[in-house]
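Undergrad: Show me how the following folds:
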Amino acid sequence: MMMSALWALCVAWTLLVSVDGQLTAGKINIINNELAYRYGHIQGQVAMAFNLPSSFCDNSSSGDLDNILKGNEESRVQNVLNKGDVYTDSIRLAAATPLKHNTCSDHAEYRLLYPAGNNYVTKLQRDSNTECMVFFSLLSPCTLKCLNNNRPGVSILESLQDFSFWKAGYKAFVFEKIYIHPYSPCNKEQQKLQLITQIHQNAHLIPFYRCDGNNCCNCASKPADQNNPCLADRLPAQC
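TA: As a prediction, the model looks like this:
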């Protein structure tokens, strides 16, 4: 399965009204067009943290990322991920895929965000006045482990505090598909409600967006119930 979400974002962000301040729909659309062009063929579930200059987020234009992400070619990133390692240049980009163990796996976003205060995302932090963060995950964080308050050893909830480094309007957490954990004691609808509840509770740290190739929704802009458009099988034309 190709990393379809980044390709989808090429279109999806054009329909977004705004992202907290400086990151407008047009700017995010350009950013994700550029990211999709570079990394759209990485296969399977992947999480990628992009630490971009805030000047680019303020006034993005095609071609800027050639210099910003120089040295982070897709083939180079893919080669590292194929070995089961986390890719990072320690300045602009960190990327991970799930790491499988005998009976379980470390999820991609967990590998970038754990432990809180000392992870691959915090290692990208340089200057909050000159940087913005776009954190992408093909799948939403699961509610059995990653967004579970009762499992601190595998949860990323505490790590979401690390996004406070970037100013409001200069950060976004983007996912395409809702991940339903097959071993959760909760059914699909319960897991979806758990997801939207956690998104609402943590949106002040970083805004969460779901994009499907045709539309993008700010998941905390609507109530945390089963009617939230981010929980729909297909996102509505207007969120």
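Undergrad: Kindly give the local confidence score, pLDDT, for the residue nearest the centre of the chain.
TA: By Cα atoms, centre = their mean, the mean C-alpha position of the chain lies nearest to residue 136, the distance being 2.5 Å. With respect to pLDDT, residue 136 scores 90.
Undergrad: how close does it get to residue 206?
TA: Distance check for residue 136 against residue 206: by Cβ to Cβ, to the nearest Å, it reads 12 Å. From N, CA and C alone the C-beta is placed, and that goes for glycine too.
Undergrad: what's residue 151 in contact with, if anything?
TA: 144-145 (Cβ atoms under 8 Å, 6 or more residues apart in numbering).
Undergrad: rerun that using 6 Å as the cut-off
TA: Residue 151 makes contact with residue 145, according to Cβ atoms under 6 Å, 6 or more residues apart in numbering.
Undergrad: Could you check how far the residue nearest to residue 99 when sequence neighbours are not counted is from residue 37?
TA: In this structure, residue 99 finds its nearest non-sequential neighbour in residue 106, 4.5 Å apart by Cβ to Cβ, 6 or more residues apart in numbering. Look at residue 106 and residue 37: by Cβ to Cβ, they are 29 Å apart.
Undergrad: Residue 50 versus residue 122, what's the distance?
TA: Note on residue 122: its distance to residue 50, by Cβ to Cβ, is 15 Å.
Undergrad: again, but for residue 57
TA: 10 Å.
Undergrad: Name the helix or strand of this structure that has the lowest mean pLDDT.
TA: Within the chain, no helix or strand scores below strand 18-19, which has a mean of 37 by mean pLDDT, DSSP states H and E.
Undergrad: ok, residue 52 touching residue 132?
TA: Yes - using Cβ atoms under 6 Å, residue 52 is in contact with residue 132, at 5.2 Å.
Undergrad: Report how many residues lie close to residue 75.
TA: Neighbours of residue 75 under the rule other Cβ atoms under 10 Å: 7.
Undergrad: Within its local environment, how many residues does residue 145 see?
TA: The tally of other residues near residue 145 (other Cβ under 10 Å) stands at 20.
Undergrad: Okay, the residue located most distally from the centre of the chain and residue 72: tell me how far apart.
TA: Centroid-distance maximum for the chain: residue 102 at 26.6 Å, with Cα atoms, centre = their mean. To residue 72, residue 102 is 32 Å away according to Cβ to Cβ.
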